[in-house]
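>>> predicted model and sequence follow; I will ask about them next.
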Amino acid sequence: MLLEIEDIHVHYGKIAALKGITASVDQGEIVTLIGANGAGKTTTLKTVSGLRPLTSGAIRFDGKDISSMRGHKRVLAGIGQAPEGRGIFPGMTVEENLQMGAYARKDDASKELAEAYELFPRLAERKSQAGGTMSGGEQQMLAIGRALMAKPKVLLLDEPSMGLAPMLVQQIFAIIQEINRRGVTVLLVEQNAQQALQIAHRAYVLETGRVVKSAPAADLLDDPEVRAAYLGGDLGDAAATRGGTPPRDDAGPGDTRPDGTPTGDAGKGSAE
Ligand SMILES: Nc1ncnc2c1ncn2[C@@H]1O[C@H](COP(=O)(O)OP(=O)(O)OP(=O)(O)O)[C@@H](O)[C@H]1O
Ligand SMILES: [Mg+2]
């Protein structure tokens, strides 16, 4: 297994956000975590990338215990992340934002830059535009492109489809599949469970800090409980599951980065 998450417990102060999550991601897989708001999906990703400390449990990557490794070292080790809320540097150009993704690398990143532009032609068209003035969907592309610049072995994606118009949602999922075909392992968190399960190999269902189900993604698409709870309950037209859902709290106007600066897409919601 490339990534092994073993019985991790994580707290925010006294609040137990993760109560013993065990999950793994094999080389070449797309694995998705699905679950309701507050289930612990973001916390799981943040713990893997080193942004949240473990209370107990272990994380192994590439055979090594990385439980207490610093976040920037994990990036160098091959764990790439496009954070929830995107985290674009608003005053830097698109190209500078992409270059920041390769900042920690010592070697030449021009090949990865070309690849990012190939995956996201929109970014190539807008190289010199300030990151903060890109639309919400474009910023999402930029965040993924920037994560790829570090040549990750595994890419952690937190809600890449959040706030995107339906056409862009399709595009983002297609691009995630393409990234995976090019050899990058993917751990994907999504509210958009239907689409996530369609592109994933395996999935874990999280409920209030615990894994309540794990199975091949295709099995969960047919699972009546999963359908009822996460896929709109309708066995027929599953594509419409999230169509009319309003933007979620944490995607809404006034969203801020960890450092408190606005993300710059306030008010865009899902209307781009
Ligand atoms: N900074 C924080 N301080 C206190 N509690 C937090 C903090 N961040 C998350 N939590 C709590 O931890 C639990 C898990 O949150 P997390 O963000 O991981 O959920 P999630 O599955 O990503 O939800 P969503 O689908 O809404 O993004 C929730 O109960 C949440 O309230
Ligand atoms: Mg989340």
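That came in fine, so what should we check first? Ligands and ions are numbered 1, 2, ... in the order given.

>>> contacting residues for residue 145?
With contacts taken as Cβ atoms under 8 Å, 6 or more residues apart in numbering, residue 145 has the following neighbours: 98, 101, 116, 117, 119, 120, 123. In this view, the C-beta of every residue, glycine as well, is placed from N, C-alpha and C.

>>> which residue packs closest to residue 109, ignoring adjacent ones?
Setting aside the residues directly before and after it, residue 109 is nearest to residue 102 in space (Cβ to Cβ, 6 or more residues apart in numbering), at 3.6 Å.

>>> I'd assumed residue 111 was in contact with that neighbour.
No: contact criterion Cβ atoms under 8 Å: residue 102 and residue 111 do not qualify, at 10.2 Å.

>>> so the two - more neighbours on which side?
Between residue 102 and residue 111, counting by other Cβ atoms under 10 Å, residue 102 is the more crowded of the two (20 against 10).

>>> re the thing from before, among the contacts of residue 145, which ones lie close to ligand 1?
When Cβ under 6 Å from any ligand atom is applied, no member of the contacts of residue 145 is adjacent to ligand 1.

>>> and the residues you listed, which of them are in helices?
98, 101, 116, 117, 119, 123 (DSSP state H).

>>> can you tell me how far residue 92 is from residue 73?
24 Å (Cβ to Cβ, to the nearest Å).

>>> who's more crowded, those two?
Ranked by neighbour count (other Cβ under 10 Å), residue 92 and residue 73 place residue 92 first, with 15 against 12.

>>> from ligand 1, how far out is that one?
Applying Cβ to the nearest ligand atom, to the nearest Å, the value for residue 92 to ligand 1 is 26 Å.

>>> cool, and residue 158?
With distances taken as Cβ to the nearest ligand atom, residue 158 is found 7 Å from ligand 1.

>>> returning to what we had before: residues in contact with the residue nearest to residue 109?
The neighbourhood of residue 102, defined by Cβ under 8 Å, 6+ apart, consists of 109, 112, 113, 149, 150.

>>> nearest to ligand 1 among these?
Nearest to ligand 1, judged by Cβ to the nearest ligand atom, of the contacts of residue 102 is residue 150 at 22.7 Å.

>>> about what we covered before: now the contacts of residue 145 in JSON lines, with neighbour count and pLDDT?
Shown next, in JSON lines, are these (neighbours: other Cβ atoms under 10 Å; pLDDT from 0 to 100):
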{"residue": "98", "neighbour count": "25", "pLDDT": "95"}
{"residue": "101", "neighbour count": "26", "pLDDT": "89"}
{"residue": "116", "neighbour count": "25", "pLDDT": "96"}
{"residue": "117", "neighbour count": "18", "pLDDT": "97"}
{"residue": "119", "neighbour count": "18", "pLDDT": "94"}
{"residue": "120", "neighbour count": "23", "pLDDT": "94"}
{"residue": "123", "neighbour count": "24", "pLDDT": "96"}
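
>>> hey, where'd the helices end up in this protein?
With DSSP H as the criterion, the chain has helices spanning 41-49, 71-77, 94-101, 110-119, 121-125, 136-148, 166-181, 193-199, 217-221, 224-230.

>>> so which of those is the most packed in?
For the helices of the chain, ranked by mean neighbour count under the definition mean count of other Cβ atoms under 10 Å, the leader is helix 136-148 at a mean of 25.

>>> average pLDDT across that one?
When pLDDT is averaged over helix 136-148, the result is 91.

>>> again with stretch 172-182
Per-residue confidence for stretch 172-182 averages out to 95 on the pLDDT scale.

>>> for stretch 21-34, same thing?
The predicted model assigns stretch 21-34 a mean pLDDT of 98.

>>> need the CA coordinates for it. PDB is fine.
Taking C-alpha atoms only, stretch 21-34 is exported to PDB below (Å, rounded to 0.1, in the frame of the first residue of the first chain):
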ATOM      1  CA  ILE A  21     -10.200   5.900  11.000                       C
ATOM      2  CA  THR A  22      -8.400   3.100   9.200                       C
ATOM      3  CA  ALA A  23      -8.000   3.300   5.500                       C
ATOM      4  CA  SER A  24      -5.500   2.700   2.800                       C
ATOM      5  CA  VAL A  25      -4.700   3.700  -0.800                       C
ATOM      6  CA  ASP A  26      -2.800   1.500  -3.100                       C
ATOM      7  CA  GLN A  27      -0.400   2.700  -5.800                       C
ATOM      8  CA  GLY A  28      -2.400   3.800  -8.900                       C
ATOM      9  CA  GLU A  29      -5.800   3.800  -7.200                       C
ATOM     10  CA  ILE A  30      -8.400   6.500  -6.900                       C
ATOM     11  CA  VAL A  31      -9.900   6.100  -3.500                       C
ATOM     12  CA  THR A  32     -12.700   8.400  -2.300                       C
ATOM     13  CA  LEU A  33     -14.000   9.300   1.100                       C
ATOM     14  CA  ILE A  34     -17.700  10.200   1.200                       C
END
